[in-house]
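[1] no sequence for this one, just the structure:
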């Protein structure tokens, strides 16, 4: 039973809150039974597993948790990465919010057969917040890291305006849905390389744009509808 | 210039972090220029407005901010509520996460003409987190509070399984899209009262369910597509 906050395992977990340490170590932290279970279900072996009251004093585990409420279990797992591919996948450029990246990974897991491909400027999908937002899908369907020119098939840019409605565009397969940052969108240099554009039609009196994860989810739904994947 | 943290205005803002105080006072707090601007654009008059460096010492304003990074401006505004209505609206039962409620308010503002109607057990849409997730749409399109039997028109329950795909169901108008909590879904008693059911088709090897805001957004997109609202 760990009774000191100077325990090397606890200190290692705390270091993994930092992105550079995560990248260097190739590890991530799953907090809570659901996420630990999701990592195990994906076949991952923990490098370290601490259960409150069994391996460690509960208050010490809470002390290295990123959850305000603390947690009963923390597992340290290897980061997993996919290659770009699949009939339907998603490419993100500059999507810096970890909640959006995690939610998108969950939606793509539900609605696409390919991974979420992270281009420049995206949030780390292995941050505690992104893992939580993915509800464990980050383990079941690991994201990929690639640049735009490594993508295969049609590249459909999802833009807020000046493009046909999604339901008017059938990009064929394979297709990579391409999305940019919430305000600035895809850079022009990327937009010009995309093979097509489409938008989620919104009301004229509505907000300027949809949340990026919402827009992507509507688009993935539409690609399934077109393919008749009921 | 406020130079003491015991200033009544600062103390009032801090009290409004608490839901009961917000409800009793009928007020909410907009943090940051974008949200303050959204409240003003909706025609709301601030009860109190504090700008860092002008009205208050920056560190004192940061001290009553819910943002880790602090904020340059905080405005206290009256809560606004709508009545149920519109051709397309959303009813939530037991959606307790403020981020989901806020995101849904933003999506409905973009894709529907009616409000998000909050039934029992929903998060307070006037919490700082919900306001932020709504990106100000909570001011432009205030939510409603009502019970299921106050809804008008078709009531289409969005369920994870055992229902036709959304694209196979045209519920007519007016229609209220009904969604429950992320895990437990709509209670049976509510589900039985709904006039129809539909699901967002997901892959068999995917997660158990979509995020509730994601599912609702895909459904609102589909209702627009059916109506040809390009």
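    That came in fine, so what should we check first? None of the values given here were measured: they were computed from a predicted structure. Numbers count the residues shown, from 1 in each chain, chains lettered A, B, ... in the order given.

[2] can you pull the buried residues of the helix ranked longest in chain A?
    Using DSSP state H, we find that the single longest helix of chain A is helix A:212-227. Neighbour counts over helix A:212-227 (16 or more other C-beta atoms under 10 Å in any protein chain shown) mark A:212-226 as buried. Where you see a C-beta, it was placed from the backbone N, CA and C, and this is true even at glycine.

[3] Show me which residues of chain A sit near chain B.
    Applying C-beta under 8 Å from any C-beta of the partner chain, one finds that chain A approaches chain B through A:99, A:103, A:106-107, A:109-113, A:135-137, A:140, A:164-168, A:200-203, A:206-207, A:209-211, A:213-214, A:217-218, A:221-222, A:224-225, A:229-230.

[4] For chain B, see how far away residue A:26 is.
    As judged by C-beta to the nearest C-beta, to the nearest Å, residue A:26 and chain B stand 24 Å apart.

[5] can I assume that residue is in contact with residue A:78?
    Yes. At 6.0 Å, residue A:26 counts as touching residue A:78 under the criterion of C-beta atoms under 8 Å.

[6] so where's chain A shaky on pLDDT?
    Applying pLDDT under 70 to chain A flags the ranges A:229-230.

[7] All the helices of it, residue numbers only.
    For chain A, the helices defined by DSSP H cover A:8-15, A:19-25, A:33-41, A:58-63, A:98-111, A:128-133, A:137-140, A:188-191, A:212-227.

[8] any idea which of those helices is most buried?
    helix A:98-111 (a mean of 27; mean count of other C-beta atoms under 10 Å in any protein chain shown).

[9] tell me which strands and helices that one is in contact with?
    In terms of contacts (3 or more C-beta pairs under 8 Å, 6 or more residues apart in numbering or on different chains; DSSP states H and E), helix A:98-111 is packed against strand A:88-92, strand A:116-118, helix A:128-133, helix A:137-140, helix A:212-227, helix B:212-227.

[10] Could you figure out how far it is turned away from helix B:98-111?
    With axes from the mean of the first three to the mean of the last three C-alpha atoms, to 10 degrees defining the directions, helix A:98-111 sits at 70 degrees from helix B:98-111.

[11] how far does helix A:98-111 sit from the chain's center?
    5 Å (C-alpha atoms, centre = their mean, to the nearest Å).

[12] Please give the number of neighbouring residues around the residue lying closest to residue A:34 once chain neighbours are set aside.
    Among residues not flanking residue A:34 along the chain, residue A:136 sits closest, at 6.4 Å (C-beta to C-beta, 6 or more residues apart in numbering or on different chains). Using other C-beta atoms under 10 Å in any protein chain shown, residue A:136 has 25 neighbouring residues.

[13] got it, and residue A:67?
    12.

[14] Apart from its neighbours in sequence, what residue is nearest residue A:221?
    residue B:218 (4.0 Å).

[15] What are the neighbouring residues in contact with that neighbour?
    For residue B:218, the contact set (C-beta atoms under 8 Å, 6 or more residues apart in numbering or on different chains) comprises A:217, A:218, A:221, B:166, B:200, B:210.

[16] Throw these into a markdown table and include distance to residue B:185, thanks.
    As requested, the contacts of residue B:218 are exported to a markdown table (distance: C-beta to C-beta, whole Å):
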| residue | distance to residue B:185 |
| --- | --- |
| A:217 | 18 |
| A:218 | 21 |
| A:221 | 19 |
| B:166 | 16 |
| B:200 | 13 |
| B:210 | 12 |
